[in-house]
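K.L.:
3D model of this:
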Amino acid sequence: MFLASILAAAVLMTNPASPSDPFPRATVEQGRLLGRQADGVASFKAIPYAAPPVGARRWRAPQPAEAWAGERDAGQVGAICIQPPSNGDPGVGPLPMSEDCLTLNVWTPQARGDEPLPVMVWIHGGGLNNGSGTAALYDGANLAKRGVVVVTLNYRLGRLGFFGHPALTAEAGGEEIVGNYGLADVIAALEWVRDNAAAFGGDPGNVTVFGESAGGVMVTRLMISEPARGLFHRAVVQSGLGRDEGTATFRTPDGSPSLEDRGLAFAIAAGLPADASVEQLRALPAERLLTPAPSFFGGDLMVIDGHDGGGLVGEDVAPAFAAGLEAPVPLIIGANSAELWRIKPSDLSPYGAIEDAMTPEARSAFLAAYGGQDGYDAHVLSDLVFNEPARHLARLHAANGHPTYLYRFDVVPEPDPEPRGGAPHASERPYVFDNLHTVGRPMGERDAQAATAMADYWTTFAARGDPNGPGRPVWPEFGAERDQLLEFTNDGPVAKPVPFPERLDLIAALHGRPD
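P.N.:
Got it, this is the predicted structure:
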């Protein structure tokens, strides 16, 4: 009550149009918001974009957010979605944790002209099990200072976001989505952005979706989802796979367990009868859904739900791109140089089985291409899972006539003592957001320059559909100069041919899908 009185008094005494207003306001469809201002950027946090998916709304499509009376304080981030411990991942925001987590956060320049600004919507990674849009790593202020509106969001994770069961399918009756609740949340957030971007100075006709790892996977799925068509106009995929190994489906022609089979087996292991009702399923404590953890590569989370009409995704990403079914929007796509440097293909991991398709002849060719066993162990999984699929989708998208820009991130921080031999998975995130202060250790001048370059390229792309601008190296369009990319290095961005093409060609042939 005391805080509300102070905020109300501050609103009365300040000019809401002033760039120095410490309590900026915005009016969205659901009501009035009271934000915060720092260094010329207004922020509005924990804005509900959908109704809380609790009780009878668990495992249902997101419903519209309810209106509120008066002014809603939007000064602090909301709860993260239910998830297991983060093990120190900086992409996970602060507690509390709750099923009531479908909120988003907005950053916008306080001083802006009459022209609407590009909007950038970030989709976090975390294997579809972890993460949030509330992490300090994803603070959008430094991007907003470049003249864009930045939105970060939470979406349902794990079995709360991606789950099938015969009782849920029966309840939906072919009229509602089943299984792909997390992706439905992201689409609902994009619909909210379309309807409310103007309240923050944003242009609903110029929206860029960008995401990393599982967030990049979500972007590629938005690219092939009919319900998402028209909700965004550019896309950025950072380490977002592309070959879709381990997709969850409702019906599997090869006889492997379907999404419903997996959900039924989980429910029985949780103590429910084989004919459990939706009420019994929804009575399970949310924390019970975390163990055992659903597998990103094991067929639990990447859902194809277009089985009875009304679904969000009808097939895997690469075949959809090959058929020209993806959104016809400008695309940035790429990966890091040492994504999985810690994991050997012989290690027990979610990725190790990929090499099982190799014949002895293929294995000999791979060892030669990688310069022996050590090079093979250090780099083949990064290429199998990230680098070759990025090139593959870039080739398909460019061949379909759409502006495409491929990148490779190879920046290694100056004070980093780890012998990685390149840039590991997720290490580009603080550079993209120009948030090096969140890394947790001192960063050097070359890191600051790399962060400036990446943030400038990303925001320029959001504005124009082309990342190029004055004062920095030209990023060649992939279709205009086949197999040319921009490599972010310790010495600055460099346009060059795709590195190690012979390795990537072997991988394409291994999958039986040469480009």
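K.L.:
going by C-alpha atoms from here, please, whenever you check contacts or count neighbours.
P.N.:
OK.
K.L.:
so where do the helices sit in the stretch 1-150 of the chain?
P.N.:
For the stretch 1-150 of the chain, the helices defined by DSSP state H, counting those that start in this stretch cover 2-13, 141-144.
K.L.:
for the shortest one, packing partners?
P.N.:
For helix 141-144, the contact count by 3 or more Cα pairs under 8 Å, 6 or more residues apart in numbering; DSSP states H and E identifies strand 41-48, strand 103-109, strand 149-153 as packing neighbours.
K.L.:
what's the angle between the longest one and strand 103-109?
P.N.:
Strand 41-48 runs at 160 degrees relative to strand 103-109, counting by axes from the mean of the first three to the mean of the last three Cα atoms, to 10 degrees.
K.L.:
list the contacts of strand 41-48.
P.N.:
24, 33-37, 65, 74-78, 102-110, 141, 144-145 (Cα atoms under 8 Å, 6 or more residues apart in numbering).
K.L.:
let me have the helices and strands packed on helix 141-144 in a markdown table, extended by mean pLDDT, distance to Gly126 and mean neighbour count.
P.N.:
Shown next, in a markdown table, are those (pLDDT from 0 to 100; distance: least, Cα to Cα, whole Å; neighbours: other Cα atoms under 10 Å):
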| stretch | mean pLDDT | distance to Gly126 | mean neighbour count |
| --- | --- | --- | --- |
| strand 41-48 | 98 | 20 | 25 |
| strand 103-109 | 98 | 17 | 27 |
| strand 149-153 | 98 | 13 | 28 |
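K.L.:
adding distance to Arg194, write those strands out as CSV.
P.N.:
Below are those laid out as CSV (distance: least, Cα to Cα, whole Å):
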stretch, distance to Arg194
strand 41-48, 15
strand 103-109, 13
strand 149-153, 12
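K.L.:
local confidence estimate at the nearest residue to Gly75 once chain neighbours are set aside?
P.N.:
Distances taken as Cα to Cα, 6 or more residues apart in numbering place Gly35 nearest to Gly75, at 5.3 Å, with adjacent residues excluded. At Gly35, the model reports a pLDDT of 98.
K.L.:
I'd say Asp21 and Gln37 touch.
P.N.:
Yes - when contacts are counted by Cα atoms under 8 Å, Asp21 is listed as touching Gln37 (6.7 Å).
K.L.:
residue contacts, Leu128?
P.N.:
Applying Cα under 8 Å, 6+ apart, the residues contacting Leu128 are Leu157, Gly158, Ala214, Gly215, Phe296, Leu301.
K.L.:
ok, and for stretch 22-31, which residues are buried?
P.N.:
Residues of stretch 22-31 classed as buried by neighbour count (16 or more other Cα atoms under 10 Å): Pro22, Phe23, Pro24, Arg25, Ala26, Val28, Gln30.
K.L.:
next one: stretch 356-367
P.N.:
In stretch 356-367, counting by 16+ other Cα under 10 Å, buried: Ala362, Arg363, Ala365, Phe366, Leu367.
K.L.:
once you drop chain neighbours, what's closest to Ala135?
P.N.:
Nearest to Ala135 is Gly93, by Cα to Cα, 6+ apart, at 3.8 Å.
K.L.:
residue contacts, that neighbour?
P.N.:
Ile80, Gly131, Ser132, Gly133, Thr134, Ala135, Ala136.
K.L.:
pLDDT weak spots in the stretch 401-515 of the chain?
P.N.:
Along the stretch 401-515 of the chain, segments meeting pLDDT under 70 span 417-419, 513-515.
K.L.:
in this structure Gly421 contacts Glu339, no?
P.N.:
No - using Cα under 8 Å, Gly421 is not in contact with Glu339; the gap is 10.1 Å.
K.L.:
neighbour count: the two, which is higher?
P.N.:
For Gly421 versus Glu339, neighbours defined as other Cα atoms under 10 Å are more numerous around Glu339 (27 against 13).
K.L.:
and that one, what is it in contact with?
P.N.:
Ser382, Phe386, Ala423, Pro424, His425, Ala426.
K.L.:
where are the low-confidence patches of this protein?
P.N.:
Along the chain, segments meeting pLDDT under 70 span 1-20, 245-255, 307-310, 350-355, 357, 417-419, 513-515.
K.L.:
make it 80
P.N.:
1-21, 244-256, 297-299, 306-310, 346-358, 414-420, 511-515 (pLDDT under 80).
K.L.:
tell me which residue is most central in it.
P.N.:
Nearest to the mean C-alpha position of the chain, by Cα atoms, centre = their mean, lies Gly215 at 1.7 Å.
K.L.:
ok, and what's touching the helix or strand hosting that one?
P.N.:
Using DSSP states H and E, Gly215 falls within helix 214-223. Defining contact as Cα under 8 Å, 6+ apart, one finds that helix 214-223 is touched by 123-128, 183, 187, 209-211, 228-229, 235-242, 313, 317, 326-327.
K.L.:
are any of these buried, and which?
P.N.:
123-128, 183, 187, 209-211, 228, 235-242, 313, 317, 326-327.
K.L.:
and these, which of them are in strands?
P.N.:
Among the buried ones among the contacts of helix 214-223, the members found in strands (DSSP state E) are Ile123, Val209, Phe210, Gly211, Ala235, Val236, Val237, Gln238.
K.L.:
from what I can see the third one touches Ile123, true?
P.N.:
Yes - Phe210 lies in contact with Ile123 (Cα under 8 Å); the separation is 6.2 Å.
K.L.:
count the residues that sit near the nearest residue in space to Ala286 that is not next to it in sequence.
P.N.:
Distances taken as Cα to Cα, 6+ apart place Ile82 nearest to Ala286, at 7.1 Å, with adjacent residues excluded. Using other Cα under 10 Å, Ile82 is surrounded by 26 other residues.
K.L.:
thinking Ile82 is in contact with Ser98, fair?
P.N.:
Yes - counting by Cα under 8 Å, Ile82 touches Ser98, with 5.5 Å between them.
K.L.:
who touches the helix of greatest length in the chain?
P.N.:
For the chain, the helix with the greatest residue count under DSSP state H is helix 445-464. Helix 445-464 has contacts (Cα under 8 Å, 6+ apart) with 117-120, 143, 146-148, 206-208, 234, 411, 413-414, 430-436, 466-469, 472, 488-493.
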